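Asks: Here's my sequence, what's the structure:
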Amino acid sequence: MKTAPQFFRHGPGPFVRLFVFAFLSCLLIAEDLRFKYFPELRQAIGVVIFPFQKIAYIPTNIYDQIEEFIASFYLLEENIKLREQYLKNQEQLLKLHSLAAENAQLRELLGAVRQIETQTKTKAVLAEILYTPRDPFNHKITLNKGSQHHIQLGQAVIDDKGIVGQITRLYPWSSEVTLLTDKDHSVPVQVARNSLRSVISGTGKNNELELRYLSVNTDIQQGDLLVTSGIGGVYPLGIPVATVLRIERDPTDDFAQIIGTPIAGVDRNRQVLVLSLVQSVAHDSIETPKIESKKN
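Replies: Prediction:
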């Protein structure tokens, strides 16, 4: 190993310098613990070197900012993906809720079919509502079943609650139903409480029916259930139609004004049942003209 020539050596040796610096360090530690003359000096030195510290930290700060920018970019991309996944999950959840509600309604329809087929000589065909008119004065709906599915004019249409309407127009693969609320539609009914017979008619208003030509002293009460009377052969006996909403009796008038509200509702479900008497199906050539000529 090469050593520096003697004439290039200056100052004391390394051990001496080590001893001097160690001694000075001990003195400074003792002064800081005992006398505390240097705090102001340290503060002044800190103020002087603070700008240099800031300058020295600039590369580190730039690196941290670049790293945060890259991380925020990835977080933004991940946030977009998570939002898309959330929207997809919400769509699937809404579909599941809709399917669950539709399944419950189909179960109720199945129960209604079994009850009707047990109590009356009818058979039912499940149909789905294709669309409803936007015109508020047109109380008709269109079903996805027609003459190709053995649907006939005059057949009653129900849901799991009660009567919806009647088939009034027929096409090969679709049919039109006139709702109870249509002003030109009437249904023979009777009061379930006392079997009082009458005819309920649509008023052209949503959720409103009217019992006409009943005297002011007729035995009918608010809340009475009105069911089909079976007269006319179109609607099977005993299917719920409406409930009495209000009764207005004017002593100066011969008839009471009786307003009811339909029990069934096409605004709540998509599936309905089309009913037909088993007898009319068996003797189609005899019964069909009677049904077509009778449009309640």
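
Asks: Go ahead and confirm residue 132 touches residue 270.
Replies: No: if you go by Cβ atoms under 8 Å, residue 132 and residue 270 don't touch, sitting 10.5 Å apart. In this view, the C-beta of every residue, glycine as well, is placed from N, C-alpha and C.

Asks: What's the first helix or strand after the longest helix seen in the chain?
Replies: Scanning the chain for the helix with the most residues, using DSSP state H, yields helix 39-119. Remark: after helix 39-119, the chain's next helix or strand is strand 122-131, criterion DSSP states H and E.

Asks: Enumerate every residue touching the residue nearest the centre of the chain.
Replies: Nearest to the mean C-alpha position of the chain, by Cα atoms, centre = their mean, lies residue 94 at 6.0 Å. Residues near residue 94 by Cβ atoms under 8 Å, 6 or more residues apart in numbering: none.

Asks: Any figure for the gap between it and residue 128?
Replies: Here the criterion is Cβ to Cβ, to the nearest Å. By it, residue 94 lies 20 Å from residue 128.

Asks: what do you get for residue 27?
Replies: 99 Å.

Asks: what's the answer for residue 270, then?
Replies: From residue 270 to residue 128 the distance is 6 Å (Cβ to Cβ).

Asks: where are the low-confidence patches of this protein?
Replies: Low-confidence segments of the chain (pLDDT under 70): 1-11, 34-39, 41, 98, 102, 105-106, 108-109, 111-121, 277-296.

Asks: switch the cut-off to 80
Replies: 1-14, 27-47, 91, 94-123, 133-137, 265-269, 276-296 (pLDDT under 80).

Asks: Show me the domain layout of it.
Replies: 39-119, 121-293 (automatic domain parsing).

Asks: can you redo these as TSV with distance to residue 18?
Replies: Listed next are those as TSV, based on distance: least, Cβ to Cβ, whole Å:
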stretch	distance to residue 18
domain 39-119	24
domain 121-293	95
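
Asks: Highest mean neighbour count out of those domains?
Replies: domain 121-293 (a mean of 17; mean count of other Cβ atoms under 10 Å).

Asks: starting at the chain centroid, how far to it?
Replies: Here domain 121-293 is found 29 Å from its chain centre; the criterion is Cα atoms, centre = their mean, to the nearest Å.

Asks: could we number from 56 for the rest of this?
Replies: Taking 56 as the first residue, the last one we looked at is domain 176-348.

Asks: what about residue 79, neighbour count?
Replies: Counted with other Cβ atoms under 10 Å, the neighbours of residue 79 add up to 10.

Asks: From residue 73, how far off is it?
Replies: For residue 79, the distance to residue 73 - Cβ to Cβ - is 11 Å.

Asks: Check the offset of the longest helix of the chain from the chain's centre.
Replies: 24 Å.

Asks: try stretch 74-83
Replies: Using Cα atoms, centre = their mean, the offset of stretch 74-83 from its chain centre is 82 Å.

Asks: in it, what's buried?
Replies: By 16 or more other Cβ atoms under 10 Å, stretch 74-83 has no buried positions at all.

Asks: Report the backbone C-alpha coordinates of that stretch in CSV.
Replies: What follows is stretch 74-83 as a C-alpha-only set of coordinates in CSV (Å, rounded to 0.1, in the frame of the first residue of the first chain):
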residue,chain,number,x,y,z
PHE,A,74,-9.4,12.4,21.4
VAL,A,75,-9.9,16.2,20.8
PHE,A,76,-13.3,15.7,19.1
ALA,A,77,-14.5,13.3,21.8
PHE,A,78,-13.4,15.7,24.5
LEU,A,79,-15.3,18.6,22.8
SER,A,80,-18.4,16.4,22.5
CYS,A,81,-18.3,15.6,26.2
LEU,A,82,-17.9,19.3,26.9
LEU,A,83,-20.9,20.2,24.7
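
Asks: Thank you, goodbye.
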